[in-house]
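No letters, just coordinates:
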């Protein structure tokens, strides 16, 4: 059985910081931290996934504050600059046409849903992200909120996997 020994060995303050870097939602951080020690990586990830299954409006806003726009570099102190840059490595900023369409799409999304467009960028190209952005612009508000929470959960779990090796 593989255990997340590095995660379990962290101090409370280190766990808090590590979890906030994954998903800056107080309730989620507290629930995942309270489950320590975890006897397996799967147990940790399962607990984290369950705790992130639903986010209220304040939690959603807090979580989104940690993310820059897709295709843009982190500009705010709340942005997880290092993690975001690593996750957006598939976004080729040299393709001016795609970058322009992402910029226009980001603005349309923000006008439509009043929040930043969020997607798990890791493993996706700019073209794939753009296609998802354009598809999601057609969602109704409830469907899009659910997709946003799903994407936040996926990002949080990917980041947590790096912490709990």
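Cool, got the structure. Computed from a predicted model, the values in this text were never measured in an experiment.

switch to C-alpha atoms for all contacts and neighbour counts from now on
Fine.

show me where the chain has helices.
Assigned helices in the chain, in chain order: 5-8, 12-22, 26-34, 41-51, 57-64, 81-87, 96-113, 126-136, 141-163 (criterion: DSSP state H).

Show the contacting residues for residue 149.
By C-alpha atoms under 8 Å, 6 or more residues apart in numbering, residue 149 lies in contact with 52-55, 60.

try 7 Å this time
Residues counted as contacts of residue 149 (C-alpha atoms under 7 Å, 6 or more residues apart in numbering) are residue 55.

Mind pulling up the pLDDT for it?
For residue 149, the model assigns a pLDDT of 97.

Please report how far residue 119 lies from residue 46.
Shown here: residue 119 relative to residue 46, a distance of 21 Å by C-alpha to C-alpha, to the nearest Å.

Quick check: which of the helices of the chain is nearest to residue 70?
Minimum separation from residue 70 across these (C-alpha to C-alpha) falls at helix 96-113, 7.4 Å.

Name the residues of stretch 100-117 that come out as buried.
102-103, 105-109, 113, 115-117 (16 or more other C-alpha atoms under 10 Å).

Same list, the helices of the chain, but as JSON lines with distance to residue 70 please.
Formatted as JSON lines, these follow (distance: least, C-alpha to C-alpha, whole Å):
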{"stretch": "helix 5-8", "distance to residue 70": "29"}
{"stretch": "helix 12-22", "distance to residue 70": "17"}
{"stretch": "helix 26-34", "distance to residue 70": "24"}
{"stretch": "helix 41-51", "distance to residue 70": "23"}
{"stretch": "helix 57-64", "distance to residue 70": "12"}
{"stretch": "helix 81-87", "distance to residue 70": "9"}
{"stretch": "helix 96-113", "distance to residue 70": "7"}
{"stretch": "helix 126-136", "distance to residue 70": "8"}
{"stretch": "helix 141-163", "distance to residue 70": "13"}
